[in-house]
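Asker: sequence first, predicted coordinates after that:
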Amino acid sequence: MAAVGATPARTPQGPGPGGASAGFLSPALVPGPGEADEEDDEEQLAEIHLCVLWNSGYLGIAYYDTSDSTIYFMPDAPDHESLKLLQRVLDEISPRSVVTSAKQDENMTRFLGKLASQEHREPKRPEIIFLPSVDFGLEISKQRLLSGNYSFIPDSMTTTEKILFLSSIIPFDCLLTVRALGGLLKFLGRRRIGVELEDYNVSVPILGFKKFVFHLPFCLFSVLRTHLVSIDQDTYSVLQIFKSESHPSVYKVASGLKEGLSLFGILNRCRCKWGEKLLRLWFTRPTQDLGELNSRLDVIQFFLLPQNLDMAQMLHRLLGHIKNVPLILKRMKLSHTKVSDWHVLYKTVYSALGLRDACRSLPQSIQLFRDISQEFSDDLHHIASLIGKVVDFEGSLAENRFTVLPNIDPEIDEKKRRLMGLPGFLTEVARKELENLDSRIPSCSVIYIPLIGFLLSIPRLPSMLEASDFEIEGLDFMFLSEEKLHYRSARTKELDALLGDLHCDIRDQETLLMYQLQCQVLARAAVLTRVLDLASRLDVLLSLASAAQDYGYSRPCYSPRLLGVRIQNGRHPLMELCARTFVPNSTECGGDKGRVKVITGPNSSGKSIYLKQVGLITFMALVGSFVPAEEAEIGAVDAIFTRIHSCESISLGLSTFMIDLNQQVAKAVNNATERSLVLIDEFGKGTNTVDGLALLAAVLRHWLALGPTCPHIFVATNFLSLVQLQLLPQGPLVQYLTMETCEDGNDLVFFYQVCEGVATASHASHTAAQAGLPDKLIARGKEVSDLICSGKSIKPVKELLKEKQMENCHILVDKFLKLDLEDPNLDLDIFMSREVLPAATTIL
Ligand SMILES: Nc1ncnc2c1ncn2[C@@H]1O[C@H](COP(=O)(O)OP(=O)(O)OP(=O)(O)O)[C@@H](O)[C@H]1O
């Protein structure tokens with residue numbers, strides 16, 4: 001039997017648009033064998049290397065992300081002397097290394113020194129690398145950029161065309177950025193990032209250059225006039241926008257953490273990994289760019305029309321096949337392409353074509369559909385048909401190497417035909433060999449082992465015990481395996497000479513073809529990168545549309561001239577999924593509705609939920625999602641600040657908690673503008689009542705003193721004295737709201753409805769009773785509360801006890817005095833056991 005063979009090839013069925021449709025929310029497609037795991041593994045290993053230059057108040061930043069082999073850069077941006085923007089960038093991308101020039105000013109030295117000493121940041125603490133300042137020279141950096149070997153630039157481009165092309169992507173007028181890019185290229189080349197073990201002529205793969213914008217520190221907002229809305233880590237956490245991480249890095253999706261109940265969790269129905277990554281990015285960068293927001297909403301609205309649901313389902317299904325193309329391109333660049341990569345790429349490209357064809361039938365007035373129709377070019381067809389015609393998917397899987405289909409190369413076909421005919425031929429050879437062998441040997445076969453050649457295989461006879469017994473005259477013993485002895489004979493040597501290289505030849509020729517195919521694909525890498533960008537966008541918008549449909553969200557509108565927000569019957573997107581019946585509430589701030597809303601109400605009456613719902617609806621609108629409200633009009637909002645209790649803040653311990661609390665409020669006081677939304681819940685609760693109340697009143701008075709530039713503030717508080725003692729100035733800026741309740745005997749009924757007014761009592765005793773506190777304690781609480789309200793002194797429990805003891809003593813003494821010791825019927829034992837002993841426990 002010969003271990004040879006060629007497998008008939010068949011083209012796999014691509015997921016064309018005409019296939020059976022899955023539901024809008026159908027589970028993600030099951031990935032091919034090993035696909036998902038591999039993507040995850042590679043993503044886990046992804047690293048970012050950042051290069052930074054700081055000069056005259058400006059930063060130049062560029063970084064390389066190994067997960068998509070792309071270089072990202074930020075055009076020169078101003079930063080504070082304390083390098084707040086740089087710190088923000090580092091927090092967001094968590095680089096593995098930070099490269100900078102050895103020649104730099106004091107601020108940078110101090111900053112890097114601090115960064116290097118942050119032991120608590122292990123294992124995330126970056127390595128700091130200094131390169132000689134010449135490596136950051138302007139001219140040398142430009143040269144390095146222009147002479148780079150980039151797979152996205154076709155070989156056919158002339159030098160001038162290449163320069164023109166690169167100038168359209170890289171801002172050569174941003175000198176610091178160019179120098180940072182130059183330094184980064186130098187670092188990548190020197191460290192050989194990702195190609196450490198490769199041949200020296202293999203360079204670090206660079207699949208593209210992309211501009212990025214960052215979530216800026218508040219202090220830089222006005223300087224950069226950015227569209228981004230500022231939201232800090234605590235806000236993400238207390239509003240439950242993300243659950244698994246307090247401030248998720250968008251670059252590390254595969255963190256291994258599972259998303260708990262969070263806004264991201266309920267809105268994320270993305271089918272491809274890059275879609276999920278993009279949604280996370282949108283969440284971390286809410287924007288005021290109305291053009292962008294409306295273009296997102298247009299797509300969502302389109303898919304919510306009943307006649308478009310089928311189309312949405314079909315597109316969603318196709319998106320499940322869009323896989324991690326950058327990873328495949330990177331492997332191609334390094335010639336590490338796996339057998340499965342071809343299949344995955346083919347499916348991705350085929351699905352992209354399906355998306356394009358579908359989008360061509362959709363209204364071209366919607367930008368995304370127009371972009372997909374135009375930018376998913378015929379290059380995709382070219383790639384798909386090349387792969388489909390050349391790669392033998394089944395054969396490749398069976399042999400675990402790249403094999404080609406018939407009719408691609410006649411020489412390969414011919415060699416394969418000869419190999420196919422071999423089994424019969426080898427059986428004939430084996431028969432002839434058997435004739436010359438010892439008659440005790442019952443059978444033999446001729447096998448082929450790559451790199452060793454043809455061998456005669458004979459079963460081991462029971463008499464063959466020692467190695468010396470294996471010797472057979474005329475044959476060279478090679479090895480024993482699975483009770484079979486293998487020999488080389490004159491005939492097998494002849495076969496080696498005649499056919500031996502056939503296998504290797506076929507392999508070599510097929511590898512060459514694979515290399516050519518790789519080059520063809522890499523030359524069209526640009527279209528594949530674009531596919532990923534636009535497909536992720538479509539994926540995110542379909543995901544948001546699906547959530548909007550399920551939860552009954554509506555389209556928000558933006559009014560840049562309105563300061564604040566106007567929400568009609570808004571809901572808390574998470575609480576409405578947990579509550580049996582959720583009561584919607586409206587919100588209006590700005591204009592004649594005041595800028596500071598003081599919300600009082602009994603415990604558990606829904607104040608926090610209301611506060612958070614305002615923040616969440618605003619946030620969702622600024623991400624470009626539909627919102628849980630009948631109507632929402634969102635004005636210019638530049639930031640959302642919060643000071644809301646969370647379990648984590650309480651677990652910090654009191655003093656840390658107080659610091660944390662004050663820092664949060666200080667951040668809002670120092671940075672909130674008339675366009676900011678500030679949500680404060682139970683501020684001042686962690687300290688004693690008077691201090692807490694004073695602090696809260698002081699903060700609010702500070703803002704109210706700003707008049708028309710006062711931020712939009714929502715304060716939920718249990719400090720009724722804030723109102724009763726009239727600690728806030730009267731005027732149109734303040735509006736008092738409360739949660740509607742109704743007393744039903746001893747019971748308090750919550751309506752969860754916001755209305756104008758002030759709560760008369762906190763009804764804490766009701767909440768306490770519901771929480772299962774003993775009646776005695778509640779009664780005492782009520783007693784104390786009443787005494788405070790009526791201005792009477794409160795007697796400590798100890799004193800009360802003493803009074804009670806005295807009273808009991810008197811009663812007992814009276815009993816003794818009334819005792820008639822002359823009475824013959826008197827039984828002192830009974831008197832002692834019935835009257836004295838039980839009373840003793842209340843006296844002692
Ligand atoms: N609009 C609503 N519709 C239905 N149920 C609600 C609504 N708002 C709140 N609830 C219910 O009331 C509970 C308490 O709400 P919330 O925490 O907002 O009260 P609170 O007034 O802030 O209480 P505290 O003053 O003790 O912090 C929620 O967990 C929820 O079950």
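Answerer: All right, it came through fine.

Asker: tell me the contacts of Ser833?
Answerer: For Ser833, no contacting residues are found, by C-beta atoms under 8 Å, 6 or more residues apart in numbering. (Each C-beta comes from the backbone N, C-alpha and C, glycine too.)

Asker: hang on, Leu90 in a strand?
Answerer: No. Under the criterion used here (DSSP: H, G, I helix; E, B strand; the rest coil), Leu90 is helix, not part of a strand.

Asker: all helices of the stretch 651-800 of the chain, in order?
Answerer: With helices called from DSSP state H, counting those that start in this stretch, the stretch 651-800 of the chain shows them at 654-671, 689-704, 721-724, 764-770, 775-789, 797-817.

Asker: of all the ones you listed, which one is nearest the ligand?
Answerer: The ligand lies closest to helix 764-770 among the helices of the stretch 651-800 of the chain, at 6.5 Å (C-beta to the nearest ligand atom).

Asker: for the closest one, the averaged confidence score.
Answerer: Averaged across helix 764-770, the pLDDT comes to 66.

Asker: looking at the chain, which helix or strand is least sure?
Answerer: helix 221-224 (a mean of 44; mean pLDDT, DSSP states H and E).

Asker: for the stretch 501-650 of the chain, what spans make up the helices?
Answerer: 502-523, 525-551, 575-578, 607-623, 647-651.

Asker: how about a markdown table for the helices of the stretch 651-800 of the chain, with mean neighbour count and distance to the ligand added?
Answerer: Below are those laid out as a markdown table (neighbours: other C-beta atoms under 10 Å; distance: least, C-beta to the nearest ligand atom, whole Å):
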| stretch | mean neighbour count | distance to the ligand |
| --- | --- | --- |
| helix 654-671 | 15 | 15 |
| helix 689-704 | 16 | 14 |
| helix 721-724 | 16 | 14 |
| helix 764-770 | 17 | 7 |
| helix 775-789 | 12 | 15 |
| helix 797-817 | 11 | 25 |
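
Asker: re the thing from before, ranking the helices of the stretch 501-650 of the chain by burial, who's on top?
Answerer: helix 607-623 (a mean of 24; mean count of other C-beta atoms under 10 Å).

Asker: can I get the CA coordinates of it in PDB?
Answerer: Extracted in PDB, the C-alpha atoms of helix 607-623 (Å, rounded to 0.1, in the frame of the first residue of the first chain):
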ATOM      1  CA  LYS A 607     -34.700  59.100  42.600                       C
ATOM      2  CA  SER A 608     -31.400  57.400  41.600                       C
ATOM      3  CA  ILE A 609     -33.100  55.500  38.700                       C
ATOM      4  CA  TYR A 610     -34.500  58.800  37.400                       C
ATOM      5  CA  LEU A 611     -31.100  60.500  37.600                       C
ATOM      6  CA  LYS A 612     -29.300  57.700  35.900                       C
ATOM      7  CA  GLN A 613     -32.000  57.400  33.200                       C
ATOM      8  CA  VAL A 614     -31.400  61.000  32.200                       C
ATOM      9  CA  GLY A 615     -27.600  60.300  32.000                       C
ATOM     10  CA  LEU A 616     -28.100  57.100  30.000                       C
ATOM     11  CA  ILE A 617     -30.600  58.500  27.500                       C
ATOM     12  CA  THR A 618     -28.300  61.400  26.900                       C
ATOM     13  CA  PHE A 619     -25.300  59.100  26.500                       C
ATOM     14  CA  MET A 620     -27.100  56.800  24.100                       C
ATOM     15  CA  ALA A 621     -28.200  59.700  21.900                       C
ATOM     16  CA  LEU A 622     -24.600  61.000  21.800                       C
ATOM     17  CA  VAL A 623     -23.400  57.500  20.700                       C
END
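
Asker: show me what that helix packs onto, helices and strands only.
Answerer: helix 263-267, strand 565-570, strand 585-588, strand 596-600, strand 631-636, strand 639-643, strand 676-681, strand 712-716 (3 or more C-beta pairs under 8 Å, 6 or more residues apart in numbering; DSSP states H and E).

Asker: so the helix or strand just after the first one versus helix 607-623, what angle?
Answerer: In the C-terminal direction, the helix or strand that comes right after helix 263-267 (DSSP states H and E) is helix 273-284. With axes from the mean of the first three to the mean of the last three C-alpha atoms, to 10 degrees defining the directions, helix 273-284 sits at 120 degrees from helix 607-623.

Asker: list the buried residues in helix 273-284.
Answerer: Counting neighbours by 16 or more other C-beta atoms under 10 Å, one finds that the buried residues in helix 273-284 are 273-280, 282-284.

Asker: for the ligand, find the nearest of the helices of the stretch 501-650 of the chain.
Answerer: For the ligand, the closest of those is helix 607-623, at 3.3 Å, according to C-beta to the nearest ligand atom.

Asker: near the ligand at all, that closest one?
Answerer: Yes. Judged by C-beta under 6 Å from any ligand atom, helix 607-623 and the ligand are in contact via 607-609.

Asker: export those to TSV and append columns for pLDDT.
Answerer: Formatted as TSV, the residues of helix 607-623 next to the ligand follow (pLDDT from 0 to 100):
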residue	pLDDT
Lys607	92
Ser608	92
Ile609	94
